[in-house]
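# here's my sequence, what's the structure:
(chains A and B)
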Amino acid sequence: MSRLLLSIVLVGFVLLSLYPFAWMFFSSFKTNQEIYLPTQLLPEEFDGQAYRMLLDGKFIDFAGSLWQSTFIATAQAFLATLVSAMAGFVLARYSFRTKAFLIGASLLIILIPRQALVVPVFEWFHWLGWTNNSFSLVLCGIATGLGVVFFMQSFKRLPVELMEVSRLEGFNPLRIFLLVIPLFAPSLVTYFLLHFALCWQEHLLALLLLDDNAHTLPLALAKLSDVSHRAPESIGMAAATLSFIPIVCLFALFFSKMRTALAQLSLN
Amino acid sequence: MKGLPQESLSRLFPLVFPFLALWFFFWVVPLFLGVDLALQNPGSGLVSSNNAKIEYAGLENFERIISDPKFHRALFNTLHYVLGSVICIIPLAFVLAVGLFEMPRLYRGILSFCLLIPGLALPGAMSKLFYLFFHGREGALNQYLIIPLGLDPINWMMDPDFIMTSLVMQSVWRWTGVVALFFLCALEGIPNWHFEVAKLEGMKSLSRMRLILVPGVRNLALFAGVFLIVDGVASFSGAYTLLGGSGGILDSGLLLVTYVYQVAFPGGSGRFDLPGATAMSLLVAPMVAGFLFLILRLNFLQTRS
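Residues are numbered from 1 along each chain as shown, chains lettered A, B, ... in the order given. Prediction:
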C-alpha cells in the first residue's frame, strides 16, 4: 500500500518536472497570444520561424553565445577536473605536513564562494586588465573546493598497499597519479559533468567579466527577456530550448557512469 | 589517517601546486583586496582610474550597510529563500529517493534521469518560463489549483506577498530531483545484508526506514544541505531575470547578491559604490561560513562519539 503511494508521488513529481519543458518546447512555436494562455499546451501550427529568427541573429547573437558558453564551460570543467583530481589524490593518499592547511583551504572555497567575492574579483581583474576576456572567466573558476573534496573521497578507494608497492619501486607521486588515473574514469567524468553544469549556469561572474559582444547563454537569455527588445516570447522559448538540449544530451550520454561514481562515493 | 605513506612536500609539489596557485590567485587575493576595498571611502571609484585618490574611511561602510533597511530586507528575503528551500527539498528528495529505490531497476534509471533534468536548465531561462507559465489570472497554477479550490486567483509573480513563495517553489522544483538522485545512489550503496538482517528480524517498514535508510543518506543529506545553503545565498540568476535586476515591488523579491550587484553597479547613475557592496558581502560571507562550519563540526563530533 505504502509502496503504491510512493510510486504515485514519484510519478507525479516526474510529470511535474517534465511538463514545463514540454510547454517550453511547444511554446517556441506559438504566437504571443497563445503563450499568454498557459493552460494551452499545443500550438495551433508548427513552423520554425522563431528558431530561424533566433539563429539569424536579429535580436541577439545566439550562435555566438552558444559557442562562447560551450568553450568556457568545457575548458573550465576540464581544467577544474584535472587540478582537483591531482590535489584530491594527494590529500586522500598521502600524509604530509601541511595537509590540514590544504583541506582547510578547499573547505573555505566551498564556504565562501566566488559569488560572494564578486566585487573584489572584478576590481582585481580590472587592475590586471583581464576583463572582457573569456579566458579570465575560465581561469577564475578552476580552483574549486567541491572538486577537491569530491576527489578526496573518490581516491580513498585506492588501496594503501598499491601506494606502498609503487613507493618501493621508486615511483614518484606524479607517476603513480598518472598510473592510477585511468581507473577513476567514472569519477572524472562525473565531476567534469557537474562542473560543466555549474559553469554553464554561471551568470553573475559572466555579467561582470565579459563585455557586450561576447555574451554567454545566461546573459543572452536575460537580454532577450528584457522588455526593451520587444522580441516575441516564442524566441525566448526557442533560445531556452536550444540552450537546454546540449547539456541534457551530455548528461544522458554519461548518466550510468555518473551513477556508478556516485554510488561508490557514498560508500566511504 | 594512519597507514598512509609519508611523503615530503617537495615531491608532492607538482600535484598540489596548480590548485594552490589558483586558490591563492583567485580566492585569497580577492579576499584581501575586498577587505582593503571595504575600508575605503565610497567616493574614490575604481582603483585603476588614475585620478582616484584612495581615502580610508575605517568601518564607516559597515556601519552604513548595517543601518540600511534595504539590506535588512535582502537579508530577510535570502534567509526565507534558503530555509524554505532546504526544509522543503531534503525531506521531499528523501521520499522520492525511497520511492525510486523500491522501483524495479529498469525504471529507476529512466525516472531518476527525468528528475535530474530540471537541475540542468539555466535558472534564467526557467524564471522566464515560470513567469509566462504562472503569471496573471490565466496562469497554470491559478487555473489548475487555486480556482478549482474556490480561492481567489493569486498573481504569483508580482504580488509582494507571494513572490518569495514562488522563488522558493522554483528552487524546490530545480533541486529536489538532483538531491533525490544523490540520495538514491547512497541508498544503492547500502550493503545488501543490512536489508536481509532487517527481514530476518521482522522489522516494520518504519523502523527499517529509521535504522537503515536514514543513516544511509545522512552524510549526503548534510552535504546537500551545505550545497543548497551556499547556492541559495549566492543565487542571482533566477531573481535577476525574473525581476529585470530590480528587487520587485517594495523590494519583496530582493536577494542579497542582487542587492550587492545593485549597490556596486547601479544602472545608469554611474556612481559605483564598490566599497559599500564589498562591505556587504564581507559582512554576510563569514556569517554563512561560520554557521556552516558549526554544522559540519557538530556532525563530526556526533559521528565520532
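
# quick one: contacts of stretch B:29-47?
A:112, A:117, A:119-121, A:123-124, A:126-127, B:52-62, B:272-276, B:278-279, B:281-282 (CB atoms under 8 Å, 6 or more residues apart in numbering or on different chains). For the C-beta atoms, the positions are set from N, CA and C on the backbone; glycine is no exception.

# repeat that for stretch B:291-305.
A:Leu107, A:Leu111, B:Leu222, B:Gly225, B:Val226, B:Ile229, B:Val230.

# among those, which pair sits farthest apart?
The span of the contacts of stretch B:291-305, defined through CB to CB, is set by A:Leu107 and B:Gly225 at 15.0 Å.

# next one: A:Val149 from B:Ile147, what distance?
The span separating A:Val149 from B:Ile147 equals 47 Å under the rule CB to CB, to the nearest Å.

# higher neighbour count, the two?
A:Val149 (19 against 13; other CB atoms under 10 Å in any protein chain shown).

# low pLDDT regions in chain B?
B:1-2, B:43-54, B:136-138, B:150, B:156-158, B:244-248, B:250, B:266-271, B:303-305 (pLDDT under 70).

# okay, helices next: where are they in it?
B:9-23, B:29-38, B:60-66, B:69-102, B:105-120, B:123-134, B:140-141, B:163-188, B:192-201, B:205-208, B:214-233, B:237-243, B:256-264, B:274-304 (DSSP state H).

# is any part of the first one close to chain A?
Put plainly, it is helix B:9-23. Yes: residues of helix B:9-23 contacting chain A under CB under 8 Å from any CB of the partner chain: B:Leu9, B:Arg11, B:Leu12, B:Pro14, B:Leu15, B:Val16, B:Pro18, B:Phe19, B:Leu20, B:Leu22, B:Trp23.

# what's the local residue count around the fifth one?
Counted with other CB under 10 Å, the neighbours of B:Leu15 add up to 22.

# now for residue 252: which residues touch it?
Picked chain A for this. If you count contacts by CB under 8 Å, 6+ apart, then A:Ala252 has B:Phe113 around it.

# looking at chain B here, not the other one
Neighbours of B:Ser252 in contact, by CB under 8 Å, 6+ apart: B:Asn77, B:Pro160, B:Asp161, B:Ile163, B:Met164.

# switch to 7 Å and redo it
B:Pro160, B:Ile163, B:Met164 (CB atoms under 7 Å, 6 or more residues apart in numbering or on different chains).

# what of B:Met280?
Applying CB under 7 Å, 6+ apart, the residues near B:Met280 are B:Ile65, B:Phe71, B:Val260, B:Val263.

# what about 8 Å?
Going by CB under 8 Å, 6+ apart, B:Met280 touches B:Ile65, B:Phe71, B:Leu256, B:Tyr259, B:Val260, B:Val263.

# who wins for neighbours among the residues you listed?
B:Leu256 (30 neighbours).

# that one reaches B:Phe76, doesn't it?
No: counting by CB atoms under 8 Å, B:Leu256 does not reach B:Phe76; the two are 10.0 Å apart.

# residues of stretch B:201-220 that come out buried?
For stretch B:201-220, burial by neighbour count (16 or more other CB atoms under 10 Å in any protein chain shown) applies to B:Met203, B:Arg208, B:Ile212, B:Leu213, B:Gly216, B:Val217, B:Asn219, B:Leu220.

# reformat these as TSV; add distance to A:Ile176.
Listed next are these as TSV, based on distance: CB to CB, whole Å:
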residue	distance to A:Ile176
B:Met203	45
B:Arg208	43
B:Ile212	37
B:Leu213	38
B:Gly216	32
B:Val217	33
B:Asn219	28
B:Leu220	29
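
# can you narrow those to ones near chain A?
Within these, those near chain A by CB under 8 Å from any CB are B:Asn219, B:Leu220.
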